[in-house]
Every structure is written in structure tokens, then in C-alpha cells.
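Asker: Sequence first, predicted model second:
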Amino acid sequence: MLLNEPNTRQSTSLLPASTRSINSYLRVQATHGKRKSRRYGCTIAIIGGGFSGTTLAAQLLHGATASLSVVLIERRPYLGRGVAYATRCAAHLLNVPAEKMSAFGDDPTHFLRWARRRLGPHVEPCDFLPRSLYGEYVESALLEEVRQHLGQFEWRHEEACAITCAGESLDILLHNGEAVRADRVVLALGNFPPSDPLLPGRSNLCQRYVPDPWAENALDHLTPADSILLIGSGLTSVDVAVAARTRGFKGTIHILSRHGLLPKGHRLSAARASICGLESFPPTAHGLLRWVRRQTETAEVRGFDWRLVVDSLRPFTQQIWQSLPYAERQRFLRHLRPYWEVHRHRLAPEIDVLVASEISSGQILIHSGRITAFHEKSKGVEITYRDRKSGKLESLRVECAFNCTGPEVDCRKVRDPLLKDLLSRKLACPSPLFLGLQVSEAGALIDSHGRASDLIYTIGPARKGALWETTAVPEIRHQISELANHLFASCVQNNSPSPGSAQGAVTTEAGVEVLGHGTA
Ligand SMILES: Cc1cc2nc3c(=O)[nH]c(=O)nc-3n(C[C@H](O)[C@H](O)[C@H](O)COP(=O)(O)OP(=O)(O)OC[C@H]3O[C@@H](n4cnc5c(N)ncnc54)[C@H](O)[C@@H]3O)c2cc1C
């Protein structure tokens, strides 16, 4: 049975296939001469059109008066997908049940209702649906708002490379040499790309090392009987293993990481109860660990398991992180982080079962240790590592190795032109523990002099230093609505026409020119 649809937000409809993507919709409007994007009043530019940027654009349009325009700058040929939801592998499932994946905190069943209309009434709140479907949902939520606010939205299919101040406004320099002028800019850049792990002996020319497992062609060269090594044992590694099997790869998959810990699985029957007594938390990393252990024992007596404790902590993790002194945050990162990650970021039950059966049949082999040597041979790679338990040197021979160490968090190590530009102009600086960027409570960038910007903001993983948990939809959607409100308020205060729009410098006629910046 369909749930009641609240009237807080128009329900994202299932549009005809021809207009289901923003791309095709804008193109159709342009062809019919209906779309004219003119900018008056305040222009908010969002860089990054993954979940965060696309949903923020939808929120802004939803609450926009006629004087607000939104420009979304995304280098990929689609919106709403980013890294997580761009996958074409149907076996890549969400790791959060459908009932918790609404893009909008004020309408918790929005995704579930959409999924039921899309797939049928059999979709259950506890289902772990395909990630590619979720990308479709995020895009369609924006499209619904774009249809209501046609002249107020523009997508620039480009890479943003730099931001310069232009009086009260900002100019965003695009890779094609053009500039977008805006009154406020939001960086929704997602996770930083992975850095290469230390692999002594690996040459930069090595053909048997895949630095980016998310690259379109990352698995193209696998032959069914190869054996491969996945460096890192988190969600990325499991994703690559699942994608390889889906493509018919039958060889052995070695997974190697320092601790050899794989993400735990969700349980379908997971209790929805919450443990009580969460008013105050121990102010130390080890105190927290003891607290979690005690709560787990109590939960077990009540017939639950540790999942209940970890899930109950979720609404409080940002508060706990912020209340920990600096040295305790460091201690947490050094000693507890890997254990927290595998319990907190879990696998969909179906994937958990698959991985467990491959481990028991020996098709997936888990190793723990530190890599000491990496040598490319004529027919493969030889990897030597020091085993964590025995302390002995062990070696593995595989056809190919994948970097599955997950996203980089230290912005100083990232080669992204925009981030490098922001750091070099001192408009941004790393957070004290080198976890993303330093930001104010509202998500404003803090410059190298410690001043919070009133023009540039960020959402999502870049706020990790301030919030710790800021990766998944349930946390990010909260930031999105807070930031949207903040931007509305600050744009109303400063609602003068932007110089760019007055001169028409970035105002574009609808059509191929707008969409034609490489749009697929
Ligand atoms: C494999 C994977 C699976 C996940 N599964 C789940 C899940 O099941 N549930 C959940 O809640 N969370 C999941 N997550 C967490 C995920 O990070 C968030 O759900 C969400 O996708 C983050 O969105 P984002 O927009 O912040 O980042 P992203 O999705 O990474 O989007 C950032 C976008 O910015 C663009 N961009 C970056 N720099 C520029 C630039 N300079 N110019 C133009 N464009 C730029 C990129 O092209 C990208 O499209 C998963 C993450 C990954 C990596």
C-alpha cells in the first residue's frame, strides 16, 4: 500500500522517459524556445552535482522567490549521481535501507514513495535498493523543481578550476576558460579522490596497478581466471569485488589491509528501537569504547546486538566528536577508527552473505599487514607484505592490483585544481586534523587568517574535520536544509542585482550553448 503523501513537497513524478534526465528536459525546452535563463537578484552557484549539490539545488529552487537563480556546475555528463550512484552495476546496493534514504529530512518517506511508484508497491522500507536507482531519484527530484522554476536554473557541464573575488561577488573560472559570476558559492565536491598507498618499488608506468577503481574502464582488462589484489578492505574493496564477479570474473580475490577488517553486514531484522541514556558521553576515546561495550552487553541481554548501539549513536556522533578534546580525537583516529568504520558503515545484507560465502569457499582471501615491496613482473605483480599477526614477510603474486584505500581526507595531498587554487589563495585551509577543510558551524570556508567567509560554503565530506560523520545521505540532507535556509536569509539581506547579471556576462540563452559545454 502506498504511504500517505504529505503536501510539504510535491512528490517527484515518474516523468516520460524522454524527459527523465535533466539533460534531455533542458534540451527539449531549448528546442521549443521555452527556456530563457536570465539572472536577477541573487545567484547561488553550486560546484559539484552529486547527491549534495543536486539536492541543494532542488531545495533552493523549492523555496526560491523569483529573484533567486541557481547555477550548478558539474563536470560529469549527468546530475545527481556523483561517484556513489553513477555505478551501472545492478549488484551495487545502497548500504542504507530505503526508509532512511529520503533526500529531504522534512519528508522522510519521499524516496520510499518514489521507489514504490518506480518499482511497484512491493518495495519495503527495509529494502536495500540499487544505487543506480537512487541516482535516478536524486536527478528526478531536481528535475521536478527545475520544471517549476525554468528560467532560474542553469547547469554548466564543466569543471570549476578556480574562484576569484570580484567585489561583493565571486567569479568561478571554468576549465573551458569561461567564468560564472555568483553572489554565493557552495562547494559540493564530494569525497576527495584516493591517494596512492605507499608501494615501495612501484613505478609510475606500472600497467598492473589501477589507481582509481571508480574509473569507467577500471575492470576492463580483467580476464576471468586472473587473480587480483584489492589494497584496502573497506566498502570500496567490496564494491570492486562485487563488480568483478558481476562481470564474470572467476579468479581469486586477495584483499589486503593493515588490519584486515571487512565492513560488517546489516541484519534484515535489525531492531528499530533505540537505547536510552544518551544524555552524556565519556569525553575520551577509550571511555567511549568502554561505554559502547557496556551498552552492547545490555543490548544483548535484551535480545539485540551491537548494531542497535551503533545505530542509536548515529544522531549523536557529530555532537560526541565535537565534544572530544583535540588529543582524544587524535587518539580515536589512531586507535579506534578502523573498528568504528567497519561497524558503522555496513554492507547490505545480500552483499554481506555473498562476501561471507566467497570467504568460506576461499574465493576471497583476506590478509592483514603492511606492504613492503611491489614488483611488476612480465606476467603479473609480486607483492611482499609484513603479516600483522606473525610479523613474517609474506608474498602474493597477482595479475593486477587495485587501489581500494578509499577517499583521501587530507586536502593538501589532493591534486584537484580547484582545491589547490583555494588553498594557494588562502581562501581555504585544512581542518586541524587534516580531515577536509576548516569550516564554520554554518559550513562557511575559514581562510588561513581564521576568518569565516560569508560568500563560500561547503557541504558533505569536506566538513569531516568539524563533524566527523558527514558522508551519508542522512547526515548530508540535514546540512543541505540548514545551508539552504542560511543562504535564503543571507541573499535576502543582500538582494541587489549581481554585477554579472546586470551586464549579462554569464546570462545565457537556453539551448545548445548552455547545454553544449560538452554535454553528452
Ligand atoms: C561507492 C559509494 C557508495 C555509497 N553508498 C552510500 C549509500 O548507500 N548510502 C549513503 O547514504 N551514502 C552512501 N555513500 C556516501 C556518499 O558519499 C553520499 O551518499 C553522497 O553520494 C555524497 O554526495 P556528494 O555530492 O557530497 O559527493 P559526490 O557524489 O562524490 O559528488 C561530487 C560531485 O562533484 C563533482 N565535482 C567535484 N569537483 C568538481 C569541480 N571542480 N568542478 C565540477 N564538478 C566537480 C564530481 O564530478 C561529483 O559528481 C556512498 C559513497 C560511495 C563512494
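Answerer: The structure has been received and is ready for your questions.

Asker: remind me, longest helix of this protein?
Answerer: The residue-count maximum for a helix in the chain (DSSP state H) belongs to helix 473-493.

Asker: tell me how far that one is from the chain's mean position?
Answerer: 18 Å (Cα atoms, centre = their mean, to the nearest Å).

Asker: Stretch 407-418 now?
Answerer: 15 Å.

Asker: can you check stretch 158-172 too?
Answerer: That offset, for stretch 158-172, works out to 24 Å (Cα atoms, centre = their mean).

Asker: what does stretch 466-483 give?
Answerer: 11 Å.

Asker: List the buried residues for that stretch?
Answerer: Across stretch 466-483, burial judged by 16 or more other Cβ atoms under 10 Å covers 466-477, 479-481, 483. C-beta coordinates here come from the backbone N, C-alpha and C atoms, glycine included.

Asker: Next: stretch 256-266.
Answerer: Of the residues in stretch 256-266, those buried (16+ other Cβ under 10 Å) are L256, S257, G260, L261, L262, P263, K264, G265, H266.

Asker: And for stretch 284-299?
Answerer: Buried, per 16+ other Cβ under 10 Å, within stretch 284-299: T284, A285, L288, L289, W291, V292, Q295, T296, A299.

Asker: And the contacts of it?
Answerer: For stretch 284-299, the surrounding residues in contact (Cβ atoms under 8 Å, 6 or more residues apart in numbering) are 275, 281-282, 305-306, 308-310, 312-313, 320, 324, 328-329, 331-332, 335-336.

Asker: okay if I get the buried residues of stretch 284-299 as CSV plus distance to E136?
Answerer: Shown next, in CSV, are those (distance: Cβ to Cβ, whole Å):
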residue, distance to E136
T284, 44
A285, 40
L288, 39
L289, 40
W291, 41
V292, 37
Q295, 38
T296, 38
A299, 37
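
Asker: now, among the residues you listed, which is nearest to the ligand?
Answerer: Closest to the ligand out of the buried residues of stretch 284-299 is V292 (21.8 Å), distances taken as Cβ to the nearest ligand atom.

Asker: Please identify the helix or strand for that closest one.
Answerer: Using DSSP states H and E, V292 sits in helix 285-301.

Asker: Show me the domain layout of this structure.
Answerer: 209-264+347-403, 285-344 (automatic domain parsing).

Asker: My read is that V240 contacts A401, right?
Answerer: No. If you go by Cβ atoms under 8 Å, V240 and A401 don't touch, sitting 11.0 Å apart.

Asker: Name the residues contacting each of these two.
Answerer: What both V240 and A401 touch, as defined by Cβ under 8 Å, 6+ apart, is the set L230.

Asker: Any idea how many residues pack against R329?
Answerer: 18 (other Cβ atoms under 10 Å).

Asker: repeat for the one 3 residues further on
Answerer: When counting by other Cβ under 10 Å, one arrives at 21 neighbours for F332.

Asker: Contact partners for it?
Answerer: A285, L288, L324, W340.

Asker: so for the longest helix of the chain, what's the average pLDDT?
Answerer: For helix 473-493, the mean per-residue pLDDT is 91.

Asker: Show me what that helix is packed up against.
Answerer: On a contact count with 3 or more Cβ pairs under 8 Å, 6 or more residues apart in numbering; DSSP states H and E, helix 473-493 meets strand 42-47, helix 51-62, strand 184-187, strand 452-458.

Asker: Residues contacting that helix from elsewhere in the structure, which ones?
Answerer: 41-42, 44, 51-52, 55-56, 59-60, 63, 68, 96, 100-106, 183-184, 186, 314, 318, 442-443, 454, 457, 459-460, 463, 467, 469-470.

Asker: for stretch 189-202, how far is the first residue from the last?
Answerer: From its first residue to its last, stretch 189-202 covers 30 Å (Cα to Cα, to the nearest Å).
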